[in-house]
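Participant: Can you look at this prediction? I've put the sequence above it.
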Amino acid sequence: MAKFEIKNNVFVSCPKKEKKVEIPSGIEEIGAGAFDACTELVEVVIPSSVKKIGEKAFFNCIKLQKINLPDSLIEIGTMAFGCCQALTELSIPESVEIIGDGALAVTGLKEITIPPKVKDLGMSVFFRDAALERVSLPDSLETLGDSCFKGCVNLEEINLPSKLTLIDGQLFNECASLTKISIPAGVTKISDFAFSDCSGLESIEIPDEVEVIGSCAFQNCSSLDGISLPKNLKTIGDFAFLGCSSILTVVIPRSVEKVGGNAFMSCSMLNSAVVLNKETDIDGAFSDRVNIIRV
């Protein structure tokens with residue numbers, strides 16, 4: 001029988017070569033790094049007493065395939081399941097309220113449902129989950145952290161919650177299979193690199209509440225064949241639409257004060273741009289061959 005280290009109802013560690021571990025009943029927390037780099041671990045049974053899975057608890061458990069999360073669980077810590085590439089299925093119970101930064105980064109998960117008590121998803125939670133195709137987010141969710149879905153190259157669909165107010169930096173960067181997305185009405189800013197290198201993105205709905213489109217926000221979205229810019233938009237950042245090679249024309253709303261440098265450079269199909277405000281600064285934003293129409 002494996003020798004476990006347990007202190008004050010916290011599961012601290014076990015031998016590195018274990019393939020299956022049943023955590024004793026009564027344990028309330030799986031401590032930070034408890035199974036870190038247990039590279040032979042395949043299955044873990046967690047009792048209904050566990051409330052918290054600590055930071056990097058299962059980090060780099062590269063063979064972990066089967067684990068149950070009990071209905072008592074409240075918190076999944078930072079990088080808790082990071083680099084668990086063999087983990088293809090995980091059911092998060094509705095009791096969970098906290099999911100830390102990078103908690104499920106670089107796993108083999110194909111789909112996941114986030115429970116309604118989770119209000120915030122931290123940075124890089126699903127970072128480079130290359131197999132992830134579908135994510136279900138609760139409408140109660142208020143924030144999605146920087147790079148939350150960065151590098152999820154097979155992510156095909158996602159519905160963003162209505163309480164979201166910010167599309168954070170690199171949120172969907174390199175999500176090459178994402179073809180369409182609708183941004184909620186409460187969002188006022190699309191941050192730098194938010195959708196950059198989403199090469200399959202064909203359409204996006206941007207609400208009128210958006211005032212800022214950040215630098216490189218849609219860089220290299222080569223399938224995007226048209227975009228309707230919101231009527232309250234004030235700023236388009238540098239390189240915002242660089243390399244959007246399918247865009248044919250664009251209308252810059254009257255509200256826009258500045259279009260950043262190279263914002264529409266390397267848009268090879270772009271023939272004309274209509275600028276509705278003669279005072280809008282577009283210096284260096286377009287290629288010389290683009291016909292600029294100021295009205």
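Facilitator: All right, it came through fine.
Participant: in the stretch 151-295 of the chain, which spans are strands?
Facilitator: 157-158, 166-167, 180-182, 189-190, 203-205, 212-213, 235-236, 249-252, 258-259, 272-275, 291-294 (DSSP state E, counting those that start in this stretch).
Participant: List the buried residues for stretch 176-185?
Facilitator: Residues of stretch 176-185 classed as buried: 176-178, 181, 183-184 (neighbour count, 16 or more other CB atoms under 10 Å). Yep, even glycine has a C-beta here, placed from its N, CA and C like the rest.
Participant: Grab the nearest non-local neighbour of D192.
Facilitator: Leaving aside its sequence neighbours, D192 sits nearest to G214 (CB to CB, 6 or more residues apart in numbering; 3.9 Å).
Participant: Between its first and last residues, how far does stretch 205-223 reach?
Facilitator: One end of stretch 205-223 sits 15 Å from the other (CA to CA, to the nearest Å).
Participant: and if you look at stretch 16-35?
Facilitator: 7 Å.
Participant: which residues sit against it?
Facilitator: 2, 4, 6, 9-14, 37-59, 61, 77 (CB atoms under 8 Å, 6 or more residues apart in numbering).
Participant: picking that back up, tell me the one among the buried residues of stretch 176-185 nearest to G108.
Facilitator: S177 (16.3 Å; CB to CB).
Participant: Please name the residues that touch that closest one.
Facilitator: Contacts of S177 (CB under 8 Å, 6+ apart): 133, 153-156, 200.
Participant: Of those residues - the most surrounded one?
Facilitator: L155 (25 neighbours; other CB atoms under 10 Å).
Participant: all helices of the stretch 51-200 of the chain, in order?
Facilitator: Remark: helices of the stretch 51-200 of the chain are absent; assignment by DSSP state H, counting those that start in this stretch.
Participant: shaky segments in the stretch 1-150 of the chain?
Facilitator: 1-3 (pLDDT under 70).
Participant: try 50
Facilitator: 1 (pLDDT under 50).
Participant: dump the residue contacts of the residue lying closest to D36 once chain neighbours are set aside.
Facilitator: In space, and not counting its chain neighbours, D36 is closest to F59: 4.9 Å by CB to CB, 6+ apart. Residues near F59 by CB under 8 Å, 6+ apart: 33, 35-37, 79-84.
Participant: at 7 Å instead, please
Facilitator: Neighbour list for F59: 33, 36, 79, 82-83 [criterion: CB atoms under 7 Å, 6 or more residues apart in numbering].
Participant: follow-up on the earlier one: pipe the buried residues of stretch 176-185 into TSV and attach distance to C148 and pLDDT per row.
Facilitator: Shown next, in TSV, are the buried residues of stretch 176-185 (distance: CB to CB, whole Å; pLDDT from 0 to 100):
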residue	distance to C148	pLDDT
A176	16	98
S177	16	98
L178	13	97
I181	14	95
I183	15	97
P184	15	97
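Participant: which one of those residues sits closest to D139?
Facilitator: P184 (9.5 Å).
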